[in-house]
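**Student:** From the sequence below, what's the structure:
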Amino acid sequence: MKRKEFRELASVDEARKIINSLQVLPEKEGLALENAHGKTLAEDIVTEINVPPFSRAVMDGYAVRAEDTYACSETEPVKLKLLGNIPAGSDVKFTVSREEAAEIATGAPIPEGADAVVMVEYTSEENGTVFIFRPVTVGENIMKEGSDILKGERVLRRGRKLGTREIGVLASIGKKEVPVLRLPVGIVSTGDELVRPGEMLASGKVYDANSYTLYAGVRECGALPLLYGIVKDDEKVMGKALETAVSECALILTSGSTSSGTGDMMYRLIDETGETLAHGINIKPGKPVVIGVIKDVPIIGLPGNPTSALMIFNEFVAPLLRKSLGAETGIRKTEAGIMGTDLRSEGRQQLLPVGMVRGQVYPADRGSGAITSLSGADGFIEIPPETEFIEAGTPVEVTLFGEVEKPDLLIAGGFCPGLDVLEDLSGLRFRTLYTGSTGGFSAIAARTADIAGINMPSKRPKGQYGVLPNGILYNIPTIESMGLSDVVLVKGYRREAGLLVRQDSPILGLEDLQGKRLINRNRGSGTRALLDIKIEELAGERRISKKEFTDSIPGYASGAKSEVAVCEAVLSGKTDAGVGIRDCAEKNNGLRFIKLAEEDYDFLIRKEILNTPEVKKFLQTLSSTEFASKIPAGLQVYERTGEIIPFE
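**Tutor:** Numbering: from 1, shown residues only. I've put the predicted structure just below:
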């Protein structure tokens, strides 16, 4: 048979462009959680519950009203009436009133009226009376409902490869079946010289290594490898094997028979039944590569030499598979990093979960029992007992949790659905910590976040930075009062904020809240601060004190951590009104939105990272017309979106 010369060799860049243009389309399937390890998520996972689903004790002790303990001491304990015992898993109902307590076990639900737990070590009990020897503060030894994972939060993003951490997160939110991507990849090894491992190796024969190395590589990328065995150098047999693989696979990988010798026929079979896109790459090793398509199914013919085949697979095929599955993953066991913040140790041997952002290492531990300590971590650092303090800038070694997908940006601050749109459009990976606006400012001050999403209002006369018509200036006064420097404030977008009520509610505005049950946002939230300002204005118009007005609103002192929790409380009838943004009402048909104001949701960024590619991409996306067109209801960009205000 006449030898066919290689066509013009494709350059590496040309070959990469051709391979990246191939349409490798995965299918979606549901798998039982126990079978989902190593698979790739087919869609975003949004939790339908809070984790924990109720406020619970993190210590054995007594559930109390914190204010009842303020006057106690080791020599003069306070005496509280014991109501009973609440074990873990109990549905016993108690209401703790003044000077009362309930014995409680770790993990048990906090009873109504109680707002703290006194550790059993600082108590004694006698004849139905509990003696408290040490005061506690509100929230002490309590893990609040939704403090780990909030209902409505996107906990895992499409394209995430499911490892042990992700399986734990899915289990914690009650997922039994997981939507994953199924990407069948056919593997065909060709050559009369090949035999299977374990068989007798006759003269002139070699073991088939490529089937197994490619199988492992495909599986490592999250795809489903299908072995079609060894195919002899016979055009009809080889053609039949390809025909079967084309009918069952999204991509086919062959090895051998790709060169231009008289016995090499892969390129001819592709020419006869499909289209050859490239034959030969200008690379060493790995020149004899065939790239083609048969019946819309891409086929990549790799060299028969195992080293060359693996080289081409790692350089070209693995990125294609990961891209097709929506994930870019790397595999390293340890990695050097630099501590991005000061860290005080516990003075004992410690394995601390950490996240990594562009080489900077930060703690990812949210506290005892928080599954997101792992889902938000890339690995851990080992801290010996003699180390009491690790200073920012100290080199550390991170032991990685297998394959990790490192975030591009760490963002703290107030929750906003616009962040999900920015993440999706920019192609960046965010690690987002919803700490409220106050927490966002603090994270920037402590250098534990790259960007803070903030919407903190201040009543301020009109000044050089411009003020909304209602006389409220956002974020700048807080930056100035905290003395933050070497940061920039990037103007973001505006959000319609107001009251959320049921469709049949008689409430039409703030003036109707007196005597109605309200669920407020948490302290430190910009939306709560805005409500405070609006109520202060209304109270002034009525010539009454703000306290008199707020005292007439049951629940004004409450503090939900998210708008989702507010919506749920209003829809369920537990409360008459809540405070949030329009987007929440738009997503819940049973809610009506009463606009109070437009608030500024801005971004505070550390100046030292302003010119990094990641931040530039973030800012470019923020100012893009595509973002403006896809931003959720009740959010809108305006003439100042993307404006940068420096603070020296």
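**Student:** Which residues in the longest helix belonging to the chain does the neighbour count mark as buried?
**Tutor:** Using DSSP state H to define each element, the chain has its longest helix at helix 526-542. Within helix 526-542, the residues that count as buried by 16 or more other Cβ atoms under 10 Å are 526-535, 537-539. For glycine as for every other residue, the C-beta is placed from the backbone atoms N, C-alpha and C.
**Student:** quick one: which of these is nearest L409?
**Tutor:** In terms of Cβ to Cβ, no member of these lies closer to L409 than G526, at 20.5 Å.
**Student:** tally of neighbours for the closest residue to that closest one other than its chain neighbours?
**Tutor:** Nearest residue to G526 in three dimensions, chain neighbours excluded: N455, at 3.5 Å (Cβ to Cβ, 6 or more residues apart in numbering). Residue crowding around N455 was assessed by other Cβ atoms under 10 Å; the count is 26.
**Student:** With E243 instead?
**Tutor:** 13.
**Student:** Quick check: it is in a strand.
**Tutor:** No. Using DSSP: H, G, I helix; E, B strand; the rest coil, the assignment for E243 is helix, not a strand.
**Student:** Identify the residue spatially nearest to it, adjacent ones excluded.
**Tutor:** Using Cβ to Cβ, 6+ apart and skipping the chain neighbours, the partner closest in space to E243 is T273 (7.9 Å).
**Student:** go on, G239?
**Tutor:** Using Cβ to Cβ, 6+ apart, the nearest residue to G239 is L269, at 5.6 Å.
**Student:** What helices and strands are in contact with the helix or strand harbouring the one you found?
**Tutor:** When elements are assigned from DSSP states H and E, L269 belongs to helix 266-273. Secondary-structure packing of helix 266-273 (3 or more Cβ pairs under 8 Å, 6 or more residues apart in numbering; DSSP states H and E): helix 235-248, strand 275-279, strand 290-294, strand 297-302.
**Student:** Please identify the deepest-packed of these.
**Tutor:** Counting by mean count of other Cβ atoms under 10 Å, strand 297-302 has the highest mean neighbour count of the helices and strands packed on helix 266-273, with a mean of 26.
**Student:** Run through who's touching that one.
**Tutor:** Strand 297-302 is contacted from outside by 19, 22-24, 210, 214, 242, 246, 249-255, 257-258, 266-267, 270, 274, 286, 289-293, 308-309, 312-313, 316-317, using Cβ atoms under 8 Å, 6 or more residues apart in numbering.
**Student:** which residues of the chain score low on pLDDT?
**Tutor:** 1-7, 258-264, 284-286, 311, 327-333, 346-351, 365-376, 401-405, 460-471 (pLDDT under 70).
**Student:** residues of the helix or strand just after the longest helix of the chain that come out buried?
**Tutor:** Scanning forward in sequence from helix 526-542 by DSSP H and E, the next helix or strand is helix 546-551. Residues of helix 546-551 classed as buried: 549-550 (neighbour count, 16+ other Cβ under 10 Å).
**Student:** repeat for stretch 210-227
**Tutor:** If you call a residue buried by 16+ other Cβ under 10 Å, then stretch 210-227 has these buried ones: 210-215, 217-218, 220-226.
**Student:** Max pairwise distance over those residues: which two?
**Tutor:** Using Cβ to Cβ, the pair of those lying farthest apart is N210 and G222, separated by 20.1 Å.
**Student:** that older thread, of the contacts of strand 297-302, keep whichever come out buried.
**Tutor:** Buried members of these, scored by 16+ other Cβ under 10 Å, are 19, 22, 24, 210, 214, 242, 246, 249-255, 257-258, 266-267, 270, 274, 286, 289-293, 308-309, 312-313, 316-317.
**Student:** what helices or strands is the helix or strand containing R322 leaning on?
**Tutor:** Assigned by DSSP H and E, R322 belongs to helix 318-324. Using 3+ Cβ pairs under 8 Å, 6+ apart, the elements in contact with helix 318-324 are helix 12-20, helix 210-220, strand 251-255.
**Student:** Out of those, flag the one nearest Q636.
**Tutor:** Closest approach to Q636 among the helices and strands packed on helix 318-324 (Cβ to Cβ): helix 12-20, 35.6 Å.
**Student:** So which elements touch the closest one?
**Tutor:** Counting by 3+ Cβ pairs under 8 Å, 6+ apart, helix 12-20 packs on strand 275-279, strand 290-294, helix 318-324.
**Student:** still on that earlier bit, in the helix holding R322, which residues are buried?
**Tutor:** Neighbour counts over helix 318-324 (16+ other Cβ under 10 Å) mark 318, 320-324 as buried.
**Student:** if we can go back for a sec, list the contacts for the residue nearest to G239?
**Tutor:** Per Cβ under 8 Å, 6+ apart, neighbours of L269: 235, 238-239, 242.
**Student:** So which of those is the closest to K617?
**Tutor:** Nearest to K617 out of the contacts of L269 is L242 (Cβ to Cβ; 41.3 Å).
**Student:** wait, that closest one sits on V293?
**Tutor:** No. Counting by Cβ atoms under 8 Å, L242 does not reach V293; the two are 12.0 Å apart.
**Student:** P135 touches E74, doesn't it?
**Tutor:** No. Assessed by Cβ under 8 Å, P135 is found out of contact with E74, at 10.7 Å.
**Student:** out of these two, which sits in the busier spot?
**Tutor:** P135 (19 against 8).
**Student:** Could you measure from the more buried one over to R65?
**Tutor:** Plainly put, P135 is 12 Å away from R65 if you go by Cβ to Cβ, to the nearest Å.
**Student:** For the one helix or strand L83 maps to, which strands pair with it and how are they oriented?
**Tutor:** Per DSSP H and E: L83 is located in strand 78-86. Using DSSP bridges, the strands paired with strand 78-86 are strand 100-104 (parallel), strand 129-132 (antiparallel).
**Student:** deepest of these, which one?
**Tutor:** The highest average neighbour count among those, using mean count of other Cβ under 10 Å, belongs to strand 100-104 at a mean of 25.
**Student:** hey, C-alpha coordinates of that one in CSV?
**Tutor:** Extracted in CSV, the C-alpha atoms of strand 100-104 (Å, rounded to 0.1, in the frame of the first residue of the first chain):
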residue,chain,number,x,y,z
GLU,A,100,-35.5,30.5,84.3
ALA,A,101,-33.2,27.9,82.7
ALA,A,102,-33.4,24.6,80.9
GLU,A,103,-30.7,21.9,81.0
ILE,A,104,-29.5,21.3,77.5
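**Student:** contacting residues for the residue nearest to E243?
**Tutor:** Each residue near T273 by Cβ under 8 Å, 6+ apart is listed here: 239, 242-243, 294-295.
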